[in-house]
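Peer 1: turn this into a structure:
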Amino acid sequence: MTKKDTQVEQEKQPKRSQLCRSELFAFHGKKVYFFLNDFGGSMRTSAFVAFLMLWSVAPIAAQDLAVGQPAPDFSLTYATRDSVSRTPLKLSEIIGRSNIVLAFYPSDWSPGCTKEVCTMRDDFAGLQSLNAEVLAISGDYVWSHHEWAKHHNLPFKLLSDHSHEVAKRYNSYNEKTMYNKRTVFVIDKQGKLAYIDLEYSVATIDDFNRLKEALAQLR
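Peer 2: Numbering: from 1, shown residues only. This next block holds a predicted model:
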């Protein structure tokens, strides 16, 4: 074959960019690319099936929660400074007894989280006077919760959301760090969200005071 014949033969071959192209699908806010072969349908079908399989097992997106909406129900194991409970706490079963403070936090034993729970401990009498029950939630196991609560003499329940499914439902999970965000919710006696702070800070006492003000309005 001459050089000219070779050149002609190469020109007949489709370019790589013609053979394959990327198609973009999106699910749950994430982009997924499939590279599909244009000269056959089997690969297109396989890619579409793969997309459906990924979509079916994708985690549920965080809910857009607002004040006045019913609080998403959950059931979680918990610990106190005295013991580890063998019976999970179900939110819907305690609604109506008092106002509920849900405090999502990243991790036991960390400085910021210790400051947060100790602030609530130090003014626990004030929170009780506002008819509030505190439920602190992280991804730690109940045994860590128990030791931490005992070490700092914490007078409220620490719930274990190890899979972070509850945190995700409350838009309180950080996918980058794989820890809970620091957020606070107040649930009234009717089971509705009465206060939401998705950027709760322990840098100052201000956010804690705002939480107490929200509770005072429910009396």
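
Peer 1: is it true that E116 touches R182?
Peer 2: Yes: using CB atoms under 8 Å, E116 is in contact with R182, at 7.0 Å. (C-beta placed from N, C-alpha, C; glycine too.)

Peer 1: what is in contact with those two at once?
Peer 2: Taking CB atoms under 8 Å, 6 or more residues apart in numbering as the criterion, E116 and R182 both touch 105, 200, 202.

Peer 1: buried subset of those residues as a ChimeraX selection?
Peer 2: Per 16 or more other CB atoms under 10 Å, the buried members of those correspond to this ChimeraX selection:
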select :105,200,202
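
Peer 1: next, format the shared contacts of E116 and R182 as CSV and append secondary structure, distance to K150 and pLDDT.
Peer 2: Below are the shared contacts of E116 and R182 laid out as CSV (DSSP: H, G, I helix; E, B strand; the rest coil; distance: CB to CB, whole Å; pLDDT from 0 to 100):
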residue, secondary structure, distance to K150, pLDDT
Y105, coil, 17, 98
Y200, coil, 24, 98
V202, coil, 21, 97
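
Peer 1: from the shared contacts of E116 and R182, which single one is nearest A136?
Peer 2: Nearest to A136 among the shared contacts of E116 and R182 is Y105, at 6.2 Å by CB to CB.

Peer 1: now the closest one: how far from Q128?
Peer 2: Here the criterion is CB to CB, to the nearest Å. By it, Y105 lies 20 Å from Q128.

Peer 1: so, low pLDDT: which residues of the protein?
Peer 2: By pLDDT under 70, the weakly predicted segments of the chain are 1-63.

Peer 1: at 90 instead, please
Peer 2: Scanning the chain for pLDDT under 90 picks out 1-64, 219.

Peer 1: of the shared contacts of E116 and R182, which is the nearest to E165?
Peer 2: Distances from E165 to the shared contacts of E116 and R182, taken as CB to CB, are shortest for Y105 (16.4 Å).

Peer 1: what sits against that closest one?
Peer 2: 112-113, 116-117, 136-138, 180, 182.
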